[in-house]
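[1] With the input below, show me the fold.
(one chain, ligands or ions: 2)
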Amino acid sequence: MVEAWYLLEEGEGPGPSVGLSALRKLGVCYWKLDADKYENDPELERIRKEKNYGWMDIITISKEKLPNYEEKLKMFYEEHLHRDDEIRYVLDGGGYFDVRDGADRWVRIAVGKGDLITLPAGMYHRFALDRRAYVKVMRLFVGEPVWTAYNRPADHLEARAQYVQFLARSV
Ligand code: KMT
Ligand code: NI
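    Ligands and ions are numbered 1, 2, ... in the order given. Now for the predicted structure:
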């Protein structure tokens with residue numbers, strides 16, 4: 001099971017845990033796969049077919065492997081959204097996806113090896129590495145990838161309006 005909890009104020013430690021069904025209501029999808037066989041995994045193939053995740057690449061986020069590491073991490077940790085789903089499959093290492101719930105509270109989702117997670121288009125989120133300072137992820141995309149991040153506030157975007165509507169109907 002993927003671990004998720006509310007983020008409290010600085011220095012207050014982790015807040016109440018958040019279950020998979022609550023994440024689902026926010027539009028977050030999650031699968032657990034065997035990352036050791038990502039190169040030949042029928043289950044991954046099934047998901048990619050079903051969800052139309054035709055495009056993929058693999059990136060490593062670490063000081064050694066990622067050019068402009070510090071700058072990129074800073075960008076990932078700025079609260080932002082995309083016009084498309086963010087689909088990530090963790091092959092090694094790990095980190096945190098922080099997402100906003102319906103009441104604009106931060107929910108921290110700890111991801112590690114074997115976690116395939118999707119954040120819906122229009123959802124405010126950010127990403128941070130954990131103490132391992134290393135993650136290897138497969139990025140998946142429907143069609144040609146667009147990585148544009150819109151930092152908050154981005155409420156004027158259609159993708160945001162649609163997500164807000166989804167949330168309102170999802171409670
Ligand atoms: C994003 O847009 O938030 C990211 O790509 C985060 C890095 S992927 C682990
Ligand atoms: Ni993002």
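
[2] Please tell me the pLDDT value assigned to the residue of the chain found nearest ligand 1.
    Closest contact between the chain and ligand 1, by CB to the nearest ligand atom, is at F127 (3.6 Å). Glycine gets a C-beta too; all of them are placed from N, C-alpha and C. pLDDT, F127: 98.

[3] I'd guessed it sits against G94; true?
    No - in this structure F127 lies outside contact range of G94 using CB atoms under 8 Å: 11.1 Å.

[4] These two: which has the busier surroundings?
    In this view F127 and G94 are compared by other CB atoms under 10 Å, and F127 has more residues nearby, 24 against 18.

[5] in a strand, that's where the more buried one is, yeah?
    Yes - under DSSP: H, G, I helix; E, B strand; the rest coil, F127 sits within a strand.

[6] Counting neighbours, what do you get for the nearest residue to it once chain neighbours are set aside?
    Leaving aside its chain neighbours, F127 sits nearest to F76 (4.2 Å; criterion: CB to CB, 6 or more residues apart in numbering). Counted with other CB under 10 Å, the neighbours of F76 add up to 17.

[7] Hmm, V137 and F76 touching each other?
    No - between F76 and V137 there is no contact under CB under 8 Å: 11.3 Å.

[8] Spell out, range by range, the helices that occur in the chain.
    20-25, 42-51, 69-77, 158-170 (DSSP state H).

[9] right, so of those helices, which gets closest to R108?
    Distance to R108, taken as CB to CB, is lowest for helix 20-25 among these, at 11.3 Å.

[10] how about the closest one: buried residues?
    L23 (16 or more other CB atoms under 10 Å).
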